[in-house]
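> Dropping a prediction and its sequence here:
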Amino acid sequence: MPKLTIDGIAIEVEPGSTVLQACEQLEIEIPRFCYHEKLSIAGNCRMCLVEVSPGPQKPQASCALPVADGMVVKTDSPMVRKARRGVMELLLINHPLDCPICDQGGECDLQDQAMAYGGNSSRYHEEKRAVADKYLGPLIKSHMTRCIHCTRCIRFMTEIAGVHELGAVFRGEHMEITTYVGKALESELSGNLVDLCPVGALTSRPYAFTARPWELRTTESVDILDALGSAIRIDSRGAQVMRILPRMNEDINEEWISDKTRHACDGLLIRRLDTPYVRHDGKLQPVTWREALTAVAKRLKTLKPEQIAAIAGDLADCESMIALKDLMGSLGVVNIDCRQDGAALDTAVPAAYRFNTTIAGVDLADVILLIGTDPRREAAVLNARLRKRWLTGHVEIATIGTPVDLTYPAQSLGDGPAVLIELIEERHPFSQKLKMAKRPMLILGQGALARSDGMAVLGLVRRLAETANMIQEGWNGFNILHTAAARVGGLMLGFVPGQGGHGVTAILDQASRGTISFLYLLNADEVNLSTLDRTFVVYQGHHGDAGAKRADVILPGAAYTEKNALYVNTEGRVQNTKLAVFPPGHAREDWKIVRALSERMGRPLPYDTHADVRARLVAVDAAFATVGVTPAPAAWGVFGEATSFTESLPLRTCHENFYRTDPISRASSKMAECAEVQAELESIKKSIKKGHHLGQEREDD
């Protein structure tokens, strides 16, 4: 290992490290604009200059300089300080004096470095260069005159997002960063460009001119708009969430978040439920909490257990689900379910519904098989991790299901479950690649399980994992990719039909017939409620979405930014959301609503405080005692049905529209705008493709 001296301190580093990385190990700060730990090295800005000997007697860019044995580095010599001041003077030649009105002000890398290395005057007296702003979509606002050509945005879109739509045109002082075609960026991760830009050339369009960083209150939390549980930072002012930014978590999201996670926060203010309602004479009327809970309790007391059912939705927290399950259990109700889409998930074996490899484990796989899933739209950050693994050249990726654009090449093995049987029986050419792999893994999507033969598909995939050597000592390559933040937590708590109980599909069928006459919806909006004319529906949630429109009683709850609550991500990792703002109006935390209802029923639940509810969760599953840590490996077992599949239809993905998957994003005006832009782009693509086919036919004629 090379040994070198930095500012008089001897250090030994890994071979292939750069001087900048060696300095960081000693916690010596090196200014930089173009260098980023997750991107390839460009060496554009020259701000990271250091003095190195032996070697040429001139400053050298530390980000692109490999370490060598015996190297002596000086990071703060007179030569280095003069060189950095010169670089800063050049960078500021054309940069406009926008700091007072720039949204990057207060958290701008250029502003910070100019304070350290900038002069008090400029020797440049010619006219400054002006560059036309570029349209990058509804989420990014560009001010290209501020651009210093660090190319972070280009490298991110090319390497991480996998969308080759940004690049540099022209040369010298005429160089510009632009899209190759003047249209919105087609990436679910484009919002990360704003975090990467060091100078305010790319800023957040929804957040523009709304707040300054020093006005905001910061709260660390986790995202629940998909099942990954990405680490986020909620910035609020007063009672309003102003923006959401990523936090570093190498095990899950690294330092990226999806555009939906980042920009759907405006939906937290729109179509909110802030007071209880009861339907009188066909119309919902606002009432007090006492009146609403009394109406629910009065109806429940007149019904038998088999006439009652409860469904937990995709955004329900674990505290509210255990409270509702305990309440239903005290009434003898067994018709409960947390699988809104009807996905066939076997709860007897935890390994059957978890992402067992872990998200970080993707970096070790050498063969990846995607079954009935589109990770680009179901878990955009996970898709970036899959692409990162593909870029190493040490993995081969294949898919079974309808073709999708994943931003990286993947071999299509077929679209139906029949391919699974061919792989199990080693009649498919790809079987040998699975057999020869050291760490093969598969990812099974919810679209493949939410079928009438979903349990048979689950059984086939389990057999494939066993025959393809995916289950080894220290390695479990069987993975379920969930799309709902509440799903794994609900399965761990047993929020599934009891002995003789009905699942979601049967509950809705029985309710449409009138056999089930009371339905409790806990944040459940993704089920078809159009046929429940003879059912008394109670909706508990935070948005006036599908469930609220059909409800006979509405109990307003708190959104994920408004409560301290536990969620379990697709790996089985227990995570904690934090209260950033208080719920609006008369809305309350969900578990407290259920607790108050139990009191009104005369069957009070045995917990009064949040700590008591957490203790109840731990009593059900000890995993709830440890928050934020990688879950222990789950024991393997037999799950799924041994019967063959009954549908020959292709295995489809569960998300067709990335931007409208939950009540919060459906309420967001920015997500609606993104969905509209996406639809326009898809229409243009189809027109171009159709025109290409017509032209080809004419050539053939």
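Yep, that arrived. Keep in mind that what you see is a predicted model, and the values were worked out from it rather than measured.
> didn't G361 look like it was pressed against M470?
No: between G361 and M470 there is no contact under C-beta atoms under 8 Å: 11.8 Å. Glycine gets a C-beta too; all of them are placed from N, C-alpha and C.
> The closest residue in space to F658 that isn't next to it in sequence: what's it in contact with?
Once flanking residues are discounted, F658 sits nearest to R377: 4.3 Å by C-beta to C-beta, 6 or more residues apart in numbering. Going by C-beta atoms under 8 Å, 6 or more residues apart in numbering, R377 touches E188, V404, T653, H655, E656, F658.
> Relative to S204, how far out is the second one?
Which is V404. Distance, V404 to S204, using C-beta to C-beta, to the nearest Å: 28 Å.
> What of the first one?
Distance of E188 to S204, given as C-beta to C-beta: 16 Å.
> ok, back up a step: which of V404 and S204 has more neighbours?
Between V404 and S204, S204 has the larger neighbour count (other C-beta atoms under 10 Å), namely 20 against 16.
> how about that one, what does it touch?
Here S204 is in contact with D103, L139, I140, K141, G191, V194, R243, H263 (criterion: C-beta under 8 Å, 6+ apart).
> any idea whether the last one is helix, strand or coil?
In terms of secondary structure, H263 is helix; the call rests on DSSP: H, G, I helix; E, B strand; the rest coil.
> Is it in contact with L139, as I believe?
Yes: counting by C-beta under 8 Å, L139 is a contact partner of H263 at 5.7 Å.
> Show me which positions of the top helix by length along the chain end up buried.
As assigned by DSSP state H, the longest helix anywhere in the chain is helix 669-700. Judged by neighbour count (16 or more other C-beta atoms under 10 Å), helix 669-700 contains these buried residues: K670, M671, A672, E673, C674, A675, V677, Q678.
> what do you get for stretch 422-441?
Neighbour counts over stretch 422-441 (16+ other C-beta under 10 Å) mark L423, I424, H428, F430, S431, K433, L434, A437, R439, P440, M441 as buried.
> Please identify the helix or strand for the first one.
By that I understand L423. helix 418-424 (DSSP states H and E).
> What are the contacting residues of that helix?
371, 400, 413, 428, 430-431, 434, 457, 460-461, 463-464, 467-468, 644-645, 648.
> run the last query once more with 7 Å
I400, L413, H428, F430, S431, L434, L460, V461, R463, L464, T467 (C-beta atoms under 7 Å, 6 or more residues apart in numbering).
> wait, the first one sits on G414?
Yes: counting by C-beta atoms under 7 Å, I400 does reach G414; the two are 5.9 Å apart.
> Neighbour count: those two, which is higher?
Neighbour count, other C-beta under 10 Å: between I400 and G414, I400 has more, with 27 against 18.
> Count residues in the vicinity of the residue nearest to S53 when sequence neighbours are not counted, would you?
In this structure, S53 finds its nearest non-sequential neighbour in V72, 5.0 Å apart by C-beta to C-beta, 6+ apart. By other C-beta under 10 Å, 14 other residues sit near V72.
> Bridged to V72, which residues?
When assigned by DSSP bridges, V72 has beta-bridge partners T5, S53.
> Just the pLDDT at it, thanks.
We have a pLDDT of 96 for V72.
> How about N120?
So, for N120, pLDDT stands at 82.
> And for A360?
96.
> Tell me how many other residues surround it.
Count around A360 with other C-beta under 10 Å applied: 15.
> Surely it is in contact with D251?
Yes: with contacts counted by C-beta under 7 Å, A360 reaches D251, the gap being 4.9 Å.
> From C48, how far off is T18?
9 Å.
> any shared contact partners between the two?
Residues within reach of T18 and of C48 at once, by C-beta under 7 Å, 6+ apart, are S62, C63.
> who's more crowded, those two?
C48 (27 against 19).
> ok, now which ones touch R279?
For R279, the contacting residues are D552, by C-beta under 7 Å, 6+ apart.
> Next SSE downstream of the helix or strand where it lies?
In the assignment (DSSP H and E), R279 maps to strand 277-280. Where DSSP H and E defines the elements, the next helix or strand beyond strand 277-280 is strand 283-286.
> average pLDDT for that next one?
Strand 283-286 carries an average pLDDT of 96.
> Name the strands paired with it and say parallel or antiparallel.
Strand 283-286 sits in its sheet next to strand 277-280 (antiparallel), going by DSSP bridges.
> The residue nearest to S53 touches G55, doesn't it?
No: using C-beta under 7 Å as the test, V72 is too far from G55 to be in contact (9.3 Å).
> gap between the residue nearest to A365 when sequence neighbours are not counted and G447?
In this structure, A365 finds its nearest non-sequential neighbour in M441, 4.6 Å apart by C-beta to C-beta, 6+ apart. Distance of M441 to G447, given as C-beta to C-beta: 18 Å.
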